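J.: I need the structure of the sequence given here:
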Amino acid sequence: MTSPEPMVNNTRLLRPPVEAALLMIFTCACFSGMSAIIRDLSTEISPFQIAFFRNAISLIFLIPLMWRLGFEIPRGPTLKAYGIRATIGICAMWVWYSALSATPLAEAITLNFTVALWMIPVAILLLGEKVGARRWGATLVGFCGVLIVMQPGSESVSLGSFLAILAALLFAISMALVRLLARTQRPIAIVFYMNVLMTPLSLGPAVAVWTTPDLTQLGWLVLVGLIATVAHFGMARALSLVEASSVVPLDFTRLPFAAAIGYFGFGEVPNVWMWPGAALIVASTLYIARREAKLQRTVIGAPTGAVE
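T.: Residues are numbered from 1 along each chain as shown. Sure, this is the predicted structure:
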């Protein structure tokens, strides 16, 4: 006679994989909504000013949390790394917000997915990583998708598309620096000190083009900072529940969210070439993500990276 299995007191409403997937989808919806708000605000307020409010509001929300957890003041090489990362990060933010103001929302989000493609050469140059032929091949396929989306030589190519590509490159460099910081710094500390540094960095250019927002605009600016903070914590929570390779593919739900918001909110209809180009970018990025996850599992002590 077998003894009955002990009862397990499990108070979880959802299993970790399900909770992580729902959190990731929620995070992607937040980021898509935030991009739409920024696109709408940029018709009346400069991207420099939007970036300042986004960082300042996020910092206000983060200060109480860091006060409770305790401050770890960076010094020496760590402080220098924070400074370089913050400078590149704020430049990426300015360029990305400018791209959103000049590009259909779904196209901008699609080109933003090239961050993972840019990470290949950036990781080689900044992190000294070795990249095999398979990931190089996937990267080339992804950039073929970029050419399909942008259609160089046609009348439809825009400055906004080039800005979106440049923003993706800057975000890739920023993420590589986050990987370096993540070897010694807590994720919450990285997010906090980035806002500490990027808020004053973004203030000067914002003052130069300052337009006093009305109450409605101020409300939207506060919402941008709040959404950014909530979305980052949602993503961090999702990544703490399961392996990154399990939820990173869900990041591509930003595209249908953006396409729907662009259509219903701005009357934007993606051109016929965007979808096959997006398919190539998504497929190549998924392959690179899964390949990197597989390689990390085979290397003892391999860094897991960091999500911003």
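J.: could you give me the average pLDDT of stretch 204-216?
T.: Averaged across stretch 204-216, the pLDDT comes to 93.
J.: right, I mislabeled it, should have said stretch 176-187
T.: 82.
J.: stretch 82-89 too?
T.: 93.
J.: can you map out the helices along the protein?
T.: Taking DSSP state H to define them, one finds helices in the chain at 16-41, 47-69, 76-102, 105-112, 115-122, 133-150, 159-182, 187-208, 215-241, 244-247, 254-266, 274-298.
J.: point out the most buried one among those.
T.: Burial of the helices of the chain is given as mean neighbour count (mean count of other C-beta atoms under 10 Å); helix 105-112 ranks first at a mean of 26. Using the backbone N, CA and C atoms, a C-beta is placed for each residue, glycine as well.
J.: elements contacting it?
T.: Here helix 105-112 touches helix 16-41, helix 76-102, helix 133-150, helix 159-182, helix 254-266, helix 274-298, going by 3 or more C-beta pairs under 8 Å, 6 or more residues apart in numbering; DSSP states H and E.
J.: turn the ones you listed into a markdown table, including distance to residue 195.
T.: Converted to a markdown table, the helices and strands packed on helix 105-112 look like this (distance: least, C-beta to C-beta, whole Å):
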| stretch | distance to residue 195 |
| --- | --- |
| helix 16-41 | 15 |
| helix 76-102 | 9 |
| helix 133-150 | 31 |
| helix 159-182 | 13 |
| helix 254-266 | 22 |
| helix 274-298 | 27 |
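J.: select, out of those helices, the one closest to residue 248.
T.: When these are compared by C-beta to C-beta, helix 274-298 sits nearest residue 248, at 5.0 Å.
J.: for that closest one, the distance to its chain's centre please.
T.: Its chain's C-alpha centre and that of helix 274-298 lie 16 Å apart, by C-alpha atoms, centre = their mean, to the nearest Å.
J.: just the angle between it and helix 115-122, please?
T.: Relative orientation of helix 274-298 and helix 115-122, computed by axes from the mean of the first three to the mean of the last three C-alpha atoms, to 10 degrees: 50 degrees.
J.: what's next to helix 274-298, contact-wise?
T.: 106-107, 110, 113-114, 116-117, 119-120, 134-135, 138-139, 141-142, 144-150, 243-245, 248-249, 252, 255, 302-304 (C-beta atoms under 8 Å, 6 or more residues apart in numbering).
J.: number of nearby residues for residue 15?
T.: 12 (other C-beta atoms under 10 Å).
J.: cool, residue 127 as well?
T.: Neighbours of residue 127 (other C-beta under 10 Å): 15.
J.: so how far is residue 118 from the nearest residue to it once chain neighbours are set aside?
T.: Spatial nearest neighbour of residue 127, excluding adjacent residues (C-beta to C-beta, 6 or more residues apart in numbering): residue 176 at 5.8 Å. As judged by C-beta to C-beta, to the nearest Å, residue 176 and residue 118 stand 9 Å apart.
J.: so residue 265 sits against residue 37, correct?
T.: No: judged on C-beta atoms under 8 Å, residue 265 makes no contact with residue 37 at a distance of 9.8 Å.
J.: CA atoms only: put stretch 66-78 into CSV for me.
T.: The C-alpha coordinates for stretch 66-78 follow below in CSV (Å, rounded to 0.1, in the frame of the first residue of the first chain):
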residue,chain,number,x,y,z
MET,A,66,15.8,52.5,-3.8
TRP,A,67,15.5,54.3,-0.5
ARG,A,68,13.9,51.1,1.0
LEU,A,69,16.4,48.7,-0.7
GLY,A,70,19.4,50.8,0.1
PHE,A,71,21.7,52.9,-2.2
GLU,A,72,24.9,51.5,-3.6
ILE,A,73,26.8,54.6,-4.8
PRO,A,74,28.9,53.6,-7.9
ARG,A,75,32.6,54.7,-7.9
GLY,A,76,35.6,54.5,-10.1
PRO,A,77,35.3,52.5,-13.3
THR,A,78,31.7,51.5,-12.5
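J.: tell me the gap between it and the middle of its chain.
T.: Per C-alpha atoms, centre = their mean, the displacement of stretch 66-78 from the mean C-alpha position of its chain is 23 Å.
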